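Asker: Attaching a predicted model along with its sequence, questions to come.
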Amino acid sequence: MGKSHDLATGSNFSSKGIDDNADATSITIDNNETVMVGKTVSDGAIAGHELRPSSFAIHTRSGGAALGVRRITDNGDIAFFENANGAVGKIGTPYDNELYVEATGANSSGLLFTSGNTIQPRKNSAADNGNIDVGTSGNRFKDIHLAGAVKTTSAQFNSGGTYTADVYTDRNDNYFEGYRSCLGFFAPGAGQPYVHLKTNLPDNTNKMVKFECVGFEYSGGNTHNSVTFYTYHATNSPYNPTFANWGAGGTNGIVNYYYSSDNYVVIVLKFNGSYSGGFLYTQSGRSHMWYNPDIITASNSGNNSGVF
């Protein structure tokens, strides 16, 4: 298609728009005015590209991506989408190795897929905090499958399958920062009164933390005790523990603590009877803040040590 012969004048002319150096048919225009590249038949199942007169394009490739879109020199929108009334959405990148997909217009929402193993909400073309819902009362998702915990400012569901309506509190009222969090509700197993709770607090972190158990016993007795200790480095177990007991008898609740074989703090609870159980809380503050506390795994046992 680079050169054509004019039958009227007998001369050749050159086209600067398209040069045909292919050894086979490279561009075909059929009687429906469909433009095809790399194919001669208009069929979406055949590899090649089609530009149809109905303002529709098909790109087909075998064994790889059929379409590539690239923005060079800076970050921002890579593709945008419109309907008859204007813009409705876009896809782009704010940073290297990150991608956002979002609607446009007032109160629009979207998602940012980051390079830090997170999916974050976006609103009105910017990062958002606390304004985007997942589903509605009339348009709900079915199941959510998680390997860790669900944490909110008003409740926490942790990986042990436990629940608390206790407020997760992180306070800094222009004095000192500190928080108190409920790690869940725990109960004994059949013939296994001890509950070993492996936390995500590593040893040798130089933190002073407090664990507090609030529960009940089969006979209606009250279980309420706590232990406070340090996770000083170069120690084989939590350092300088201090127990306090407000319950009846003092034989249940927190009864032991140790470091797991992979160096995490383990708290051991004890409850007697199938109707007993209790909540476990933790708190820390000032320079000893332990952020995002959680139970990695839990196990019932007939022994008060050596499970993890």
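Answerer: Received, thanks.
Asker: Low-confidence stretches in the stretch 201-308 of the chain?
Answerer: Across the stretch 201-308 of the chain, the ranges flagged by pLDDT under 70 are 220, 249-250.
Asker: The stretch 51-200 of the chain too?
Answerer: For the stretch 51-200 of the chain, residues meeting the criterion pLDDT under 70 lie at 148-149, 151-176.
Asker: Spatially central residue in the protein, please.
Answerer: Compute the mean C-alpha point of the chain, and by CA atoms, centre = their mean the closest residue is residue 118, 4.6 Å away.
Asker: How about the contacts made by that one?
Answerer: Under the criterion of CB atoms under 8 Å, 6 or more residues apart in numbering, residue 118 has no neighbours. Where you see a C-beta, it was placed from the backbone N, CA and C, and this is true even at glycine.
Asker: before we move on, what about residue 42?
Answerer: Residue 42 sits next to 30, 32, 34, 36, 50, 52 when contact means CB under 8 Å, 6+ apart.
Asker: If we use 6 Å, what do you get?
Answerer: By CB atoms under 6 Å, 6 or more residues apart in numbering, the residues touching residue 42 are 34, 50.
Asker: so what's it scoring on pLDDT?
Answerer: Listed pLDDT for residue 42 reads 90.
Asker: Same check on the one 5 residues further on?
Answerer: Confidence per residue is given as pLDDT, and for residue 47 that number is 90.
Asker: Touching, it and residue 60? I think so.
Answerer: Yes - here residue 47 reaches residue 60: they are 5.1 Å apart, a contact under CB atoms under 6 Å.
Asker: Counting neighbours, go ahead and name the busier of those two.
Answerer: Remark: of residue 47 and residue 60, residue 60 carries more neighbours, 16 against 13, as counted by other CB atoms under 10 Å.
Asker: give me phi/psi at the residue nearest to the centre of the chain?
Answerer: Note on residue 118: its backbone torsions stand at phi -130, psi 150 [degrees, to the nearest 10].
Asker: how about the strands in the stretch 151-300 of the chain?
Answerer: For the stretch 151-300 of the chain, applying DSSP state E, counting those that start in this stretch gives strands covering 156-157, 163-164, 169-172, 177-186, 194-202, 208-216, 222-230, 239-245, 253-259, 264-270, 277-285, 295-301.
Asker: So for residue 94, which of these sits nearest?
Answerer: Nearest of those to residue 94, taken as CB to CB: strand 169-172 at 27.4 Å.
Asker: so who does the closest residue to residue 245 other than its chain neighbours touch?
Answerer: Counting by CB to CB, 6 or more residues apart in numbering, the nearest residue to residue 245 once its immediate chain neighbours are dropped is residue 225, at 4.3 Å. Listed by CB under 6 Å, 6+ apart, the contact partners of residue 225 are 213, 245, 247, 253, 254.
Asker: go with 8 Å
Answerer: Taking CB under 8 Å, 6+ apart as the criterion, residue 225 is in contact with 212, 213, 243, 244, 245, 246, 247, 250, 253, 254.
Asker: My read is that the fourth one contacts residue 224, right?
Answerer: Right, the one you point to is residue 244. No - the criterion here is CB atoms under 8 Å, and residue 244 misses it with residue 224 at 9.1 Å.
Asker: hmm, back to that, as a markdown table, the contacts of residue 225 with neighbour count would be great.
Answerer: Formatted as a markdown table, the contacts of residue 225 follow (neighbours: other CB atoms under 10 Å):
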| residue | neighbour count |
| --- | --- |
| 212 | 21 |
| 213 | 25 |
| 243 | 14 |
| 244 | 13 |
| 245 | 16 |
| 246 | 13 |
| 247 | 19 |
| 250 | 14 |
| 253 | 27 |
| 254 | 23 |
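Asker: got those as CSV, with distance to residue 94 columns?
Answerer: Formatted as CSV, those follow (distance: CB to CB, whole Å):
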residue, distance to residue 94
212, 43
213, 45
243, 51
244, 50
245, 53
246, 52
247, 53
250, 56
253, 49
254, 46
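Asker: Show me which pair in the residues you listed is furthest apart.
Answerer: Farthest apart among the contacts of residue 225 - using CB to CB - are 212 and 250, which lie 14.0 Å from each other.
Asker: Residue 70 versus residue 37, what's the distance?
Answerer: Going from residue 37 to residue 70 by CB to CB, to the nearest Å gives 19 Å.
Asker: higher neighbour count, those two?
Answerer: Ranked by neighbour count (other CB under 10 Å), residue 37 and residue 70 place residue 37 first, with 12 against 5.
Asker: Check the gap between the residue nearest to the centre of the chain and residue 219 for me.
Answerer: Distance of residue 118 to residue 219, given as CB to CB: 47 Å.
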